[in-house]
Every structure is written in C-alpha cells, then in structure tokens.
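Engineer: here you go, sequence then predicted model.
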Amino acid sequence: MGKKERYLYLVYIGTTKVAFSKARIRNDGRTEVLALSARLAHGFDRGIVKDLEQASQSLNAAIKDVLETEDRSVLPCRLVVSNVYLKNYTYQSSIYFHSNPHPVTLRDVRAVIAQTRSVATIPLQELIVQAVPQEFLVNDLSGVQNPLGLEAGRLGVTLRLLTFDFSVYHNLLRVFERCDLEITEVIPSVLAAAHCVLTPFEKQSGVILGVVGGRATHFACYRNSVLIETRSIPVGSDCITEVLEKNLNVGHLDAQRLKESFGSANPKTEFQDELIPVPEPASGRKYTIKRTEFESQMKTGLIFFFEEIKKEIGNLQKCYSPLDQIVLTGGGVQLEGFLDVIQDSVPFSVRIGTAQGIVGPQALVSDPAFSGILGGVGFSSKVSEKGLAPSARQNWISRTVEGARNWIFEYL
C-alpha cells in the first residue's frame, strides 16, 4: 500500500483579501500548490475582524472553492497575516553548562530560545507569533550564526520576537472556529514572502524587502542572512483607488477596476486622447473621459503612495546601511510603471519579486500578489521538516551534515 499523501493547508488574511490554499510535499521535496481561492475580505477591516458573521462567510467561501465536497472535520492549517498590528522586539538571554562544557546540540539551541521567549517582557496584550534567532553567543564569541557542534560552557541567543495584538488574534480565532479550522502557526506575511522571494545572496549581502498590499506595506531587512528589522506602514495601493473613488464619484470596486485596467504610475503622453469609460454610480451606464483627465484625478493618490514607500525605504537605508538591494512584491507592485518610478528615485538595485521554488500554475506562482500566500506554504513545510533519521553509526562528516540539515530545517 502506498504512503498516504500529506496535504498542507493555509489561510491568508490580508488587508483587502482572504485566501485559502491546499498544497502537498512532492517526492522530490518541492512544495506544489494544488488549489487556491482568494475572495474579497468582507467582514474584515484592514485585516481585522469587523463583522464576525461576514468574515466567517468570506473565509468559508474560499474554503469551499478549494475543498469542494471533501469530507472534513476540524482542519489544521497555517495562517499568514498582513496588517499593521505586527510589532517586533529584541531580547537576549544565556544558559550555562557550568562544569560540563559540551558540543552544542539542537536541544541546547531550542532550550535557550525557549528561555529567551519566556523571560521577554513584552506587553501583556501582545502574543508572540514568531521568534527569529539573530545571532548566538558561544562562550565569549558573539555573532555566531550556527552554534551546532561548537564546544560551549555558555550558550546565548539574540531573538527578534514578532508579536500580534492578542484581542485581534482572538477575534481571528473566532472566525476559524466557525470555519472548522485549527490554526497551528501564525506567519507574518513579510516573513512568508521573504522565504520564497529573496535569494540567499540577497539575504547575505543586504536587502530590503517590501510587501506592498492594498492597505499596508510591510518591510523586512536582511544582512549576513539575518533578519535585522521589520516595519509596517498603513499605506498601500488602495490609497490610489480611494482617490479615484472620491474624484470620479464611483464605487470602490469600480475605482479598483479602473486603476487596474487604465492606471499607470507614469503619464502616457502618447495616449492622452484615449477615452476611458467611467460607470455612473446611479444608473450603471458609462460615460467617457480623456486619459489626461483620468491621470489628473489619480495624481494625488500616486504622489502620496510613492512618497510614503520611498520615505520608508530611505529611513531603513539610513538606519541599517549598507542595504544595496531592494525587492518589492505584493499586489501593489502590479501597477503599470511601478518599478520604473522606484528605480528612478533610488540609487540601488531594484526588482519585482515573485515566488521561487514553488510548483503550481504559472499564472499563480509568477504573480507577486500571491507571494505571501505561496511563501507561507513553503515556510511552513520547512520549519516542520524533521530531516532524515541518522544512521546507527555516523562518521564526523555525516554528523556535521546531519547537524547542518537539522539547523536549516528548524530555523531557516
């Protein structure tokens, strides 16, 4: 009888959309996305539960799209979240082996991380969702990235703790209970995206990742393969939509469609006489305006959008230089001309990031709007991997490989 296939399920709660995905780990070790459904986040407000009944219906609709008629009880799954309530702190602590120095094991690493989490004095209303090791202290040697196998009488760790507002999280749990879901892990979208979008070289040499959503933009900075900062700003591409909604007196969804179909970050001087159809809010009939007028109506939204993103990139550069590479992903980067505007304003390498190493429909894996969702699936499978069982007798080379494998699966 063949081995039973193991599926991975993931929920995404963004600032404008919710999604549910089903994936599996293939025999070659790669993650394959089998199905994904995204819905407008009715009942949520910028990733926060506003109406419990509506929020449950929105998520249930996405789940039914993926699972169809499959029989299921309570389903364990991971959660990727995107909102501005994510905070981060840095804490340190050490454990001592006293008169019994020995090579550091994975158990020792887990022990010092658990201790640091337990002594961290974060506000009572916040919940730790991820603990990311920044560096280890082995005896008096600081800056160690992989302490496994090193002889130590003292082992310390510097942890970056990412936290979430407890009441916000508790309300999300109420939605999941109604949808028969059990959340086993919470992953901030910026960590999920970093997992599948950034290359090892970028993380090593210094990079700023920006995940541009509808109503928030999240940033993560890496240097020497270490996460050194995360930040969020309550600004996303919806600020452009809202300007069009107000200036053209149309509904939000109509404004979104106009932006996606005709919006551009750079004026299209060669098409200034192009006629753009605008729906009337009352009758639903359409009238036309010239592109020149359309671009003037969305100009203030564009200016604010790009100024806020560039300002935050500049702040991160000042605090953590050198970070000479910028990778931008998320649905907000799909605006035509987005990359050109950023490249013209920063003297660094800039690219649009999409998911790498994920198997699935090309239209899905190549879309930056889904990088957080896809990265969450991959991130979850990596950290839950136990590695291969060691053989009964190992030489020093195999022991070293085994230790490195465990380290990578557990923490990277």
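Structural biologist: Received it, and whenever you're ready, just let me know what you need. Residues are numbered from 1 along each chain as shown.

Engineer: apart from its chain neighbours, what residue comes closest to Gln92?
Structural biologist: Thr158 (4.9 Å; Cβ to Cβ, 6 or more residues apart in numbering). Yep, even glycine has a C-beta here, placed from its N, CA and C like the rest.

Engineer: give me the next element, helix or strand, following the host helix or strand of that neighbour.
Structural biologist: Counting by DSSP states H and E, the element that carries Thr158 is strand 154-165. Toward the C-terminal end, the helix or strand that comes next after strand 154-165 (DSSP H and E) is helix 166-178.

Engineer: now that next one: mean pLDDT?
Structural biologist: Helix 166-178 shows a mean pLDDT of 94.

Engineer: same question for stretch 33-41.
Structural biologist: Stretch 33-41 shows a mean pLDDT of 94.

Engineer: and that stretch, how far out from the chain middle?
Structural biologist: Taking Cα atoms, centre = their mean, to the nearest Å, one finds stretch 33-41 lying 16 Å from the centre of the chain it belongs to.

Engineer: numbering from 36 from now on, please.
Structural biologist: In the new count, where the first residue is 36, that last one comes out as stretch 68-76.

Engineer: what comes up buried for it?
Structural biologist: 68, 71-74, 76 (16 or more other Cβ atoms under 10 Å).

Engineer: and if you look at stretch 43-59?
Structural biologist: Buried-residue list, stretch 43-59, by 16+ other Cβ under 10 Å: 43-59.

Engineer: repeat that for stretch 72-92.
Structural biologist: For stretch 72-92, a neighbour-count test (16+ other Cβ under 10 Å) marks 72-74, 76, 78-79, 81-84, 90-92 as buried.

Engineer: export those to JSON lines and append columns for distance to Val270.
Structural biologist: Shown next, in JSON lines, are those (distance: Cβ to Cβ, whole Å):
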{"residue": "Ser72", "distance to Val270": "27"}
{"residue": "Ala73", "distance to Val270": "22"}
{"residue": "Arg74", "distance to Val270": "23"}
{"residue": "Ala76", "distance to Val270": "18"}
{"residue": "Gly78", "distance to Val270": "23"}
{"residue": "Phe79", "distance to Val270": "18"}
{"residue": "Arg81", "distance to Val270": "11"}
{"residue": "Gly82", "distance to Val270": "14"}
{"residue": "Ile83", "distance to Val270": "16"}
{"residue": "Val84", "distance to Val270": "22"}
{"residue": "Ala90", "distance to Val270": "23"}
{"residue": "Ser91", "distance to Val270": "28"}
{"residue": "Gln92", "distance to Val270": "28"}
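
Engineer: can you list those in JSON lines and add secondary structure and distance to Glu277?
Structural biologist: Converted to JSON lines, those look like this (DSSP: H, G, I helix; E, B strand; the rest coil; distance: Cβ to Cβ, whole Å):
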{"residue": "Ser72", "secondary structure": "strand", "distance to Glu277": "26"}
{"residue": "Ala73", "secondary structure": "strand", "distance to Glu277": "21"}
{"residue": "Arg74", "secondary structure": "strand", "distance to Glu277": "21"}
{"residue": "Ala76", "secondary structure": "coil", "distance to Glu277": "16"}
{"residue": "Gly78", "secondary structure": "coil", "distance to Glu277": "20"}
{"residue": "Phe79", "secondary structure": "strand", "distance to Glu277": "17"}
{"residue": "Arg81", "secondary structure": "coil", "distance to Glu277": "13"}
{"residue": "Gly82", "secondary structure": "coil", "distance to Glu277": "17"}
{"residue": "Ile83", "secondary structure": "strand", "distance to Glu277": "18"}
{"residue": "Val84", "secondary structure": "strand", "distance to Glu277": "22"}
{"residue": "Ala90", "secondary structure": "helix", "distance to Glu277": "22"}
{"residue": "Ser91", "secondary structure": "helix", "distance to Glu277": "27"}
{"residue": "Gln92", "secondary structure": "helix", "distance to Glu277": "25"}
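
Engineer: which one of the residues you listed is nearest Ser177?
Structural biologist: Checking the buried residues of stretch 72-92 against Ser177 by Cβ to Cβ gives Gly82 as the nearest, at 37.0 Å.

Engineer: the closest one contacts Leu121, doesn't it?
Structural biologist: No - applying Cβ atoms under 8 Å, one finds Gly82 not in contact with Leu121, separated by 9.7 Å.
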